[in-house]
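In: got a predicted structure plus its sequence, pasted below:
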Amino acid sequence: MSASERPRRIRVQRDGPLLVEGPVEVVGEDGRVSVCDRFSVAVCTCRRSKIFPWCDTSHRKRAKRTTKDEDGTA
Amino acid sequence: MTTTTARRLSRRTVPALPAPRGPLSAAVMGLLRGERDAGVPSPAGADPYGDDLQLALYVLYELHYQGFDGVPDAREWDSGMLAVRGALEERFLGALRADVPVGDGDSAWTALDDLQVEPVDGTGSVSHFLRDEGTLGHMREYAALRSLYHLKEADPHAWVIPRLYGRAKAAMVAVEFDEFGGGRADEIHAQLFADLMADLGLETAYGHYVDAAPAEMLATVNLMSLFGLHRALRAALLGHFASVEVTSSPGSRRLAEALERVGAGPAAVRFYAEHVEADAVHEQVVRHDVIGGLLEEEPGLEADVVFGIRATGHLEDRLADRLLAAWRDGGSALRSPERAGTAA
């Protein structure tokens, strides 16, 4: 089966976004349509994201830690 | 009709060799200039994280990316240069193996989960400092230093592709495709970073800030080149990549907020805003399919994945200490802020 014929795969996680094969359109309650054409799209499920409907990792647990190694990007 | 402003491409510049910082880097640059009698001393006694060794290694790795003005491209595969590089790598890698020990049963998943936890008090990291107290001068210094990597963003990781297969390969290529702009040249992350630099009034020519970068910055980039160029370290490269993707999204949010607060332009904010969204996706793909796919096929490589994660943290912590110590002291984190043109 080619990619266009098979069902679209969505990965569901308990503490994390829905991972959907892109491109994706999300229609909000107000009818506003958000579009993302990435190969894979992380859709927020915790509603804490500042870029809702997309995930910004705001679902993560917070705790005391001492390391500083969190400033790179890729 | 859409019009685009013509942008200068950073990599049209083939940089000059940087200034040496000791006997190792001086000898390496002598060899590259064609001085036949430039014998390279043994690195056995050199500080593995120090300026001299890190710069010598950095220059040798650059032959694989962009090269230097006046150095023939073919020197990349000069067996004499490769032998020197090997001795420097042995010293650097030996120090890392000693400083970030990995136990037999250490789990890659636990190592990645540990990176996910955000500090509750919201302090301690460079991005927290910049968000809360950063000045435009700090942001310019930060961007000038990070440019050593970001102007070739995701390039060191492309070397791992032929060493992977199956699920890990397909997923790694998909993430790299995103890093390289998804087929659009003006969306290449390295280009978005050049746009950020231009917004901050920085020089975007490739290699411009190498002389200004302390050893701690050089070491973070050398780590990627070391892992990327060696097939034997392919799992460490993926561990490194995963740790950057896992930690990038919240850090990028803070840096975007810092840039907004100091009044940087839209291109500057955009680079980090793009990484908030992109890296939230990349984290998931790298965990489930890149690391998951690799360890399904080659479970014996798990310790190397953990090593890559911890070595990245080790070197990023050293860099953070250097930056924060300088800035909290009211000084510059650059070796030569006036010459680099970033003096606030």
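Out: Noted; the coordinates are in hand.

In: quick one, strands of chain A?
Out: A:10-11, A:18-21, A:24-27, A:33-36, A:40-43, A:62-63 (DSSP state E).

In: should've said the stretch 151-300 of chain B
Out: Ranges of strands in the stretch 151-300 of chain B, per DSSP state E, counting those that start in this stretch: none exist.

In: circling back to that earlier point, and B:Arg97, which of the strands of chain A is closest to it?
Out: Closest to B:Arg97 of the strands of chain A, according to C-beta to C-beta: strand A:62-63, at 28.9 Å. Every residue, glycine included, has its C-beta placed from N, CA and C.

In: what mean pLDDT does the closest one get?
Out: What strand A:62-63 shows for mean pLDDT is 67.

In: returning to that earlier point: return the most buried member of the strands of chain A.
Out: strand A:40-43 (a mean of 24; mean count of other C-beta atoms under 10 Å in any protein chain shown).

In: any part of it near chain B?
Out: Yes: Strand A:40-43 comes into contact with chain B (C-beta under 8 Å from any C-beta of the partner chain), by way of A:40-42.

In: excluding chain neighbours, give the residue nearest to residue 43 in space.
Out: Because you didn't say which chain, this covers chain A. A:Leu18 (4.4 Å; C-beta to C-beta, 6 or more residues apart in numbering or on different chains).

In: nope, chain B
Out: B:Arg91 is the one closest to B:Pro43 (C-beta to C-beta, 6+ apart), at 4.6 Å.

In: residues touching that neighbour, list them.
Out: Residues counted as contacts of B:Arg91 (C-beta atoms under 8 Å, 6 or more residues apart in numbering or on different chains) are B:43-44, B:46, B:48, B:53.

In: any idea which element it lies in?
Out: For B:Arg91, the host element (DSSP states H and E) is helix B:79-99.

In: picking up where we left off before, wait, what's in contact with the residue nearest to A:Val43?
Out: Contacts of A:Leu18 by C-beta under 8 Å, 6+ apart are A:10-12, A:42-43, A:45.

In: which bits of the stretch 101-250 of chain B sit near chain A?
Out: By C-beta under 8 Å from any C-beta, the residues of the stretch 101-250 of chain B that approach chain A are B:115-121, B:124-127, B:149-150, B:153-154, B:157, B:174, B:177-179, B:182, B:220, B:241, B:243-245, B:247-250.

In: quick one: which of those residues sit in helices?
Out: Among those, the ones falling in helices (DSSP state H) are B:115-116, B:126-127, B:149-150, B:157, B:174, B:177-179, B:220, B:241, B:243-245, B:247-250.

In: where does chain B dip in pLDDT?
Out: Regions of chain B meeting the criterion pLDDT under 70 cover residues B:1-7, B:119-123, B:338-344.

In: now chain A
Out: Using pLDDT under 70, chain A drops low at A:1-3, A:63-71.

In: quick check, B:His288 in contact with A:Gln13.
Out: No: in this structure, B:His288 is not within contact of A:Gln13 by C-beta atoms under 8 Å, at 9.1 Å.

In: between those two, tell me which one has more neighbours.
Out: B:His288 (15 against 12; other C-beta atoms under 10 Å in any protein chain shown).

In: for the residue nearest to the spatial centre of chain A, give me its contacts.
Out: Nearest to the mean C-alpha position of chain A, counting by C-alpha atoms, centre = their mean, stands A:Ala42 at 1.8 Å. Under the criterion of C-beta under 8 Å, 6+ apart, the neighbours of A:Ala42 are A:16-20, A:54-55, B:280-281, B:284.

In: same question, B:Ala258
Out: B:127, B:130-131, B:134, B:139.

In: which of these tops the neighbour count?
Out: B:Ser127 (28 neighbours).
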